[in-house]
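Student: got a predicted model here, sequence first, then my questions.
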Amino acid sequence: MAYHLNKRVLLFTLWIKRCGVACVLGLLFLFNPAVSLAEGKFKELYFLNLRNTLVGIHVRDTQLAFQVMMNKIIRTRYPDYRIIVAFPEDIAAAKLAIDKQRGHVLIINSLDFVDKRQELTLEPLHILSKADQPTQSYLLLAAADKNFETLAKQQHHTLVVENGGSGEIARAWLSTWLRQRGYKPVEPFFSAIRVADKPSRAILPVFFGEADTCVVTESAFSVMAELNPQIKQKLKILARSPGFVNLIVCTTKHIDPLDKQRVFDEAMAINESADGQQVLTIIQMKRIFKFESNDFAATEALYRNYNQLSKKDG
């Protein structure tokens, strides 16, 4: 019996790989009563997730998976709701959707949030984090036998950062850190900047001597060091940032108070349910936290300092 069961699981897994995630989730969407969009009137809630919040993912499959799981969670308690998910290319596309009243909830990079909060009338509800706390520190890493002073004297410097919103925060922090020490910001200081779609691809070039430095989150570095202890031995932390918020879940002016409260409550329950964990995994997050101003203070200060220094640089 166990053999036949395992064989069926194997065949089903192979079928999933052959059909693709979108195909399988499409069937789930049609036949699972918890998420089926049968004919009838629904209260539609539009969730927008800016693409720079996710790196190294298949956009179409991730969007569909996110929509399926959000409908499954929300409609278990509120069967008259329908969740529609879109992944706008950029802020301009998100603004267009919001202006057309097709944006009630927005997942946005923290620096973009500070920049566009007033213009888009955004209200923060939650913080999404890849760690067990709402904020994460960024690390500037180099080979263990080097220090920043020796690197600064080199004619050429190579930096690797993550793509997307996390990389934008990393660059803003590193530029500010450099300028406060009398150096030029990231773009002139480093003669070559490489972009990686995941932390491992930022760390390994430094580990193998193919790049001088990289910036990754402390949690990503810890995970890599656990998998390969040599990473911790061969790499040195040159600088550590304060704890910054990466992603914010916020609402727009088009959501009514009851819907906002329900979104808040259901989001806070995501951490404790199996379906909620699947949602977090889909968008590459670990936990969701209530937005607190104290947690966000360092991120606001980074935005302010980075922009002030950028204006001085002309």
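Tutor: Good, I have the coordinates.

Student: list the buried residues of stretch 52-59.
Tutor: Neighbour-count burial for stretch 52-59, counted by 16 or more other Cβ atoms under 10 Å, picks out Asn52, Thr53, Leu54, Val55, Ile57. All C-beta atoms are positioned from the backbone trio N, CA, C, and that covers glycine.

Student: can I assume the second one is in contact with Asn109?
Tutor: Put plainly, it is Thr53. Yes. If you go by Cβ atoms under 8 Å, Thr53 and Asn109 touch, sitting 5.9 Å apart.

Student: shaky segments in this protein?
Tutor: Flagging of the chain using pLDDT under 70 yields the residue ranges 1-40, 314.

Student: contact partners for the nearest residue to Leu111 once chain neighbours are set aside?
Tutor: Closest residue to Leu111 apart from its sequence neighbours, by Cβ to Cβ, 6 or more residues apart in numbering: Tyr303 at 5.5 Å. If you count contacts by Cβ atoms under 8 Å, 6 or more residues apart in numbering, Tyr303 has them with Leu111, Val114, Asp115, Ala172.

Student: so how far is stretch 305-314 from its chain's centroid?
Tutor: Relative to its chain's centre, stretch 305-314 lies at 26 Å (Cα atoms, centre = their mean, to the nearest Å).

Student: cool, stretch 154-172 as well?
Tutor: How far stretch 154-172 lies from its chain's middle: 16 Å, per Cα atoms, centre = their mean.

Student: buried ones in that stretch?
Tutor: For stretch 154-172, a neighbour-count test (16+ other Cβ under 10 Å) marks 157-172 as buried.

Student: now stretch 141-156
Tutor: Quick answer for stretch 141-156 (16+ other Cβ under 10 Å): Leu141, Ala142, Ala143, Lys146, Phe148, Leu151.

Student: correct me if wrong, but Ile84 is in a helix.
Tutor: No. According to DSSP: H, G, I helix; E, B strand; the rest coil, Ile84 belongs to no helix; its state is strand.
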